[in-house]
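A.B. asks: how would this look folded up:
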Amino acid sequence: MILHEIETAGRTQMERLQLERLQHVASVVYEKVPFYREQFERRGIKPKDIKSLSDLKMLPLTIKKDLRDHYPFGLFAVEREEMVRVHASSGTSGKPTVVGYTQNDIDMWGGIVARAISMAGGKPGDVLHNAYGYGLFTGGLGLHYGSEKLGMITVPVSGGNMSRQITLLEDFKPSIICGTPSYVLNLAESMEAQGKDPASLSVKYGIFGAEPWSDSMRKTLERKMDIKACDIYGLSEVIGPGVAMECHEARDGLHIAEDHFLVEVINPDTLETLPEGEVGELVFTSLTKEAFPIIRYRTGDIASIQHGTCSCGRTTVKMSRVKGRVDDMLIIRGVNVFPSEMEHFLLQISELAPHYQVHLKKKGALDLVELQVEVTDECFNGVSNDLHHDRLSELERKVKSLMKDRCYVSMDVKVRAPREIPRSEGKAIRIVDFRGEAILQ
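C.D. replies: Residues are numbered from 1 along each chain as shown. All right, here's what the predicted structure looks like:
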C-alpha cells in the first residue's frame, strides 16, 4: 500500500494548505476570468476578503449553464498558447461543456489519478485493463495517464468489441479492470454466455464509476468476477476521474483529494451549506487547476461528507457514494426516488437480472411510470408453458409490492425476457422519457 504524505495530514495542516490555495485561485479568476470578476463585484467582494475557509460561502456558485453560456473558451484563465488539451461533455442537451488543461494540469491530474488507482490496489508493474471510453470523455484518458504515472502496464482497450475485451483479459492477465459498472457487468455476462467463468480471470480489483451504482450491484460484480469493486468519482468540469476514490481496504466512502479540491454539501433548493453527514448536492472548488479553475461548482450529484481516520490510514475527508443526481430524481406522486435506490432492492430478487429501465410516459395530463425488469436465464428453466404466464404475473406483483413497500411508490411493472433490456457500451441508460411523444389514450 502506497500512502502519500498529504493523504495522512492532520486537519490543521490540510486546511492551512486549502486556504492558501483558495486565496490564490480566487485571485486568478478575479484577474483573468471576466465572468468571475463580474460575479465578485456584484457581491461587493474581492479576493483579499477571503480570510478563512468559511469565507468560501461569500463566493458565487457556478452552474453548468454558465459554462454553456461562455462556450467554448470563455471561462478559461490562460491564453490558448498555454493550453495542450480540451475535453468536453457529451452535450446531450444544448451545447457541450468544454474544459481545458495546461501541461501542468495534465501532469497534476495524472498524479491525482495515480493516487486513486493506488487506493484501489494498483501497483507499479501490474497490468491495468482500461475499458473506459477514450475521446472527449475524460474517463479513458484520465485513467490512462494515472495508470502510467503509477507505473502500471496500461491496456487502452476502450469500450465495445466484447470478444476482444475477453481475449485481452484472458491473455494479458490484468490485476485491475476499469469501466462503468454496467459495461463490466455486461462483459461478465458475455463470458458466461460463452460458457466461461469471469471469476477465473486474473483481475483482483475493479475501478468503476461514471454512473450511480448500488451496493447490490457491487455485490453482483464482486460475486461474478471474484474481485473487490471500488468506486471512483469525478466530472470533467472539476477535472475528470480521480476527484475521489474508495480504498480497497474499507470501501465505505470515497477519499476526496482535498489538497486539490474543496468540497461542500448544499441544500439544492435553499443553497444553504449543510453540516457534515447530511445528504445534499456536492459542490466543488478546484484549488490547483491553471487552465480552467472553477469556483463552487454545483455538480448535481447527491451525497454526504464525513471526516475521520479511515482503516487504510488516510485522513482525507470522505464523500458517500453518490445516491443519484438532482436531475435524475423521480417524483412519483409526490415521492422522491432515485433509480439507484430502486436498483438496490431489485437486485435482491433472485429471479431478476441486474438490468432495468424506468420508462416515463404520459396519459392525458398524468405522468405514468413503468419499471421494466429482466428475468435471468435460470428463472424459467424447467417451467412448462402453462405455468410461464402465471410465474410472470407473480413476479410482476412481487416487484410492484417491493417498490411500494421499500421505495414508497406505486408503478406499473413489465417483466421482460433475458437480454431484452438494452446493454450498455458506456454509461447505462436507466431513465427513458417518452413524455414528449404522442400522448397515450
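A.B. asks: got a list of what L75 touches?
C.D. replies: Applying C-beta atoms under 8 Å, 6 or more residues apart in numbering to L75 gives the contacts 33, 35-36, 66-67, 292, 294. The way it works is simple: take the backbone N, C-alpha and C, and place the C-beta from them, glycine included.
A.B. asks: doesn't it belong to a strand?
C.D. replies: No: using DSSP: H, G, I helix; E, B strand; the rest coil, the secondary structure at L75 is coil, not a strand.
A.B. asks: would you list the phi and psi of it?
C.D. replies: Main-chain dihedrals, L75, degrees, to the nearest 10: phi -110, psi 10.
A.B. asks: how far away is it from D105?
C.D. replies: Noted for L75: a distance of 14 Å to D105, by C-beta to C-beta, to the nearest Å.
A.B. asks: G139 too?
C.D. replies: The gap separating G139 from D105 is 17 Å, by C-beta to C-beta.
A.B. asks: cool, and K323?
C.D. replies: From K323 to D105 the distance is 30 Å (C-beta to C-beta).
A.B. asks: neighbour-wise, which of those two wins?
C.D. replies: Using other C-beta atoms under 10 Å as the criterion, K323 and D105 rank with D105 on top: 24 against 17.
A.B. asks: that one contacts K289, doesn't it?
C.D. replies: Yes: here D105 reaches K289: they are 5.7 Å apart, a contact under C-beta atoms under 8 Å.
A.B. asks: got any residues that touch both of the two?
C.D. replies: Common contact partners of D105 and K289 (C-beta under 8 Å, 6+ apart): I239.
A.B. asks: ok, and the closest non-adjacent residue to L402?
C.D. replies: F345 (5.5 Å; C-beta to C-beta, 6 or more residues apart in numbering).
A.B. asks: give me the number of residues near Q23?
C.D. replies: 17.
A.B. asks: if you could redo that for G10, that was the one I meant.
C.D. replies: If we define neighbours as other C-beta under 10 Å, then G10 has 9 of them.
A.B. asks: which ones are touching it?
C.D. replies: So G10 contacts T315 (C-beta under 8 Å, 6+ apart).
A.B. asks: and it, how close does it get to F261?
C.D. replies: 19 Å.
A.B. asks: over to P124?
C.D. replies: Counting by C-beta to C-beta, the gap from P124 to F261 is 25 Å.
A.B. asks: what ranges does the stretch 101-250 of the chain have for its helices?
C.D. replies: For the stretch 101-250 of the chain, the helices defined by DSSP state H, counting those that start in this stretch cover 103-119, 138-150, 162-172, 181-193, 215-225.
A.B. asks: can you classify D259 by secondary structure?
C.D. replies: Applying three-state DSSP: D259 is coil.
A.B. asks: that one reaches S286, doesn't it?
C.D. replies: No: using C-beta under 8 Å, D259 is not in contact with S286; the gap is 11.4 Å.
A.B. asks: who has more neighbours, those two?
C.D. replies: S286 (23 against 20).
A.B. asks: what is the burial count for R223?
C.D. replies: Residues near R223, counting by other C-beta under 10 Å: 13.
A.B. asks: again but with S304, I slipped
C.D. replies: 19.
A.B. asks: and it, how close does it get to T273?
C.D. replies: 13 Å.
A.B. asks: same question for E20.
C.D. replies: For E20, the distance to T273 - C-beta to C-beta - is 21 Å.
A.B. asks: what's the answer for M245, then?
C.D. replies: M245 is 24 Å from T273, by C-beta to C-beta.
A.B. asks: equivalent analysis for L56, please.
C.D. replies: Taking C-beta to C-beta, one finds L56 at 9 Å from T273.
A.B. asks: please apply the same query to R68.
C.D. replies: 26 Å.
A.B. asks: before we move on, what about L22?
C.D. replies: Distance from L22 to T273, by C-beta to C-beta: 15 Å.
A.B. asks: neighbour count winner among the two?
C.D. replies: Using other C-beta under 10 Å as the criterion, L22 and T273 rank with L22 on top: 23 against 15.
A.B. asks: thought that one was touching K51?
C.D. replies: No: at 10.6 Å, L22 does not count as touching K51 under the criterion of C-beta under 8 Å.
A.B. asks: give me the low-pLDDT residue ranges for the protein?
C.D. replies: Across the chain, the ranges flagged by pLDDT under 70 are 1, 90-94, 331-335, 364-366, 380-387, 436-441.
A.B. asks: what's near enough to touch R298?
C.D. replies: Counted by C-beta under 8 Å, 6+ apart, R298 has contacts 61-64, 266, 268, 281, 283.
A.B. asks: now those: which count as buried?
C.D. replies: 62, 64, 266, 268, 281, 283 (16 or more other C-beta atoms under 10 Å).
A.B. asks: look up phi and psi at the fifth one.
C.D. replies: Translated: E281. Torsion angles, degrees, to the nearest 10, at E281: phi -90, psi 130.
A.B. asks: excluding chain neighbours, what is closest to it?
C.D. replies: P268 (4.3 Å).
A.B. asks: secondary structure class for the one you found?
C.D. replies: coil.
A.B. asks: separation between it and S236?
C.D. replies: 20 Å.
A.B. asks: and P34, by the same measure?
C.D. replies: Look at P34 and S236: by C-beta to C-beta, they are 22 Å apart.
A.B. asks: tell me the contacts of I294?
C.D. replies: 62, 75, 237-238, 284-286.
A.B. asks: rewinding a little: who has more neighbours, P124 and F261?
C.D. replies: Ranked by neighbour count (other C-beta under 10 Å), P124 and F261 place F261 first, with 25 against 11.
A.B. asks: surely that one meets V243?
C.D. replies: Yes: if you go by C-beta under 8 Å, F261 and V243 touch, sitting 5.6 Å apart.
A.B. asks: need the overlap of contacts for the two.
C.D. replies: F284.
A.B. asks: okay, the buried ones among the contacts of R298 in a markdown table with distance to A26 next?
C.D. replies: Below are the buried ones among the contacts of R298 laid out as a markdown table (distance: C-beta to C-beta, whole Å):
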| residue | distance to A26 |
| --- | --- |
| T62 | 13 |
| K64 | 21 |
| I266 | 19 |
| P268 | 24 |
| E281 | 22 |
| V283 | 15 |
